[in-house]
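[1] return atomic coordinates for the entry below.
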Amino acid sequence: MTLKKLALASALLCMLAVPAAHAQSAAKKELIAKLLVLQQAGIDNTARGIIEQQPMQMAAAAQKMIIQNVPEDKRQATAQAVDAELKKYVEAATPLIQASATKMAQVNMTPILDEKFTEEELRTLVSVLESPVLKKFQTMLPELTDKLLDKIIADARPGVDPYLNKTAANVRQILANASAGGASGAASGKAGTSKPAKK
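    So this is what the prediction gives:
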């Protein structure tokens, strides 16, 4: 084969390779998009965790303030009002954070999956995730987890309860001592600032 013919053959091979590579790239993109759809439940769970984080912190802080500062006869109504505001936040924030989670998953996970997985590996992964057996197992996970949780609590309770009760008693004693000390200090302070009795 002459040098001219060799160069022509190489050029033809390159021309044929470009559409093949493009087709492979398109196939990978389609598989990655399908994989992200299959993982949407996990993405939604991540978003839900972000959504609930701030309201939980605010609820805990509000509960503490209600107990410390709000008269007892107004605590229930105050707690209900706080709860209503937190629910408004969740309703407003949920679609925004879920949309952001889906968008960020596509932007950030797509290039990583494209780099780390071959087309054949992606095809296998999609096939596994679409398996009816796997889907059945995933639908049973909440039930399995709840049952496991109940069994763990029942099995560990006899050993853990004494420590829990002791800790609760110690915490109550610490709070009681602090409250008594505060009351005694306040009484002493008042006595120290009172005017001396007239002789």
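[2] and the longest helix along the chain, what other elements does it pack with?
    In the chain, taking DSSP state H as the definition, the longest helix is helix 132-193. Contacts defined by 3 or more C-beta pairs under 8 Å, 6 or more residues apart in numbering; DSSP states H and E place helix 132-193 against no helix or strand at all. C-beta: built from backbone N, CA, C; applies to glycine.
[3] so how far is that helix off the chain centroid?
    22 Å (C-alpha atoms, centre = their mean, to the nearest Å).
[4] from now on call the first residue 12
    I'll keep to 12 as the first residue from here, and by that count the last item is helix 143-204.
[5] shouldn't residue 55 be in contact with residue 112?
    Yes: counting by C-beta atoms under 8 Å, residue 112 is a contact partner of residue 55 at 7.2 Å.
[6] what about the two, which has more around it?
    Per other C-beta atoms under 10 Å, whichever of residue 55 and residue 112 has more neighbours is residue 112, with 21 against 15.
[7] list the contacts for that one?
    Contact analysis of residue 112 by C-beta atoms under 8 Å, 6 or more residues apart in numbering lists 54, 55, 57, 58, 61.
[8] let me see the contact set for residue 66.
    With C-beta under 8 Å, 6+ apart, residue 66 has these contacts: 97, 100, 101.
[9] what residue, apart from its backbone neighbours, is nearest the second one spatially?
    Meaning residue 100. Once flanking residues are discounted, residue 100 sits nearest to residue 66: 6.1 Å by C-beta to C-beta, 6 or more residues apart in numbering.
[10] tell me the pLDDT of the one you found.
    pLDDT, residue 66: 92.
[11] give me the buried positions along the helix or strand containing it.
    Assigned by DSSP states H and E, residue 66 falls within helix 51-80. Residues 54, 57, 58, 62, 66, 73, 77 are the ones in helix 51-80 that count as buried (16 or more other C-beta atoms under 10 Å).
[12] now stretch 160-180
    So, applying 16+ other C-beta under 10 Å, stretch 160-180 has no buried residues.
[13] ok, now stretch 113-129?
    113, 116, 121, 124, 125, 128.
[14] need those residues in a markdown table (columns: pLDDT).
    Shown next, in a markdown table, are the buried residues of stretch 113-129 (pLDDT from 0 to 100):
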| residue | pLDDT |
| --- | --- |
| 113 | 93 |
| 116 | 92 |
| 121 | 93 |
| 124 | 94 |
| 125 | 93 |
| 128 | 95 |
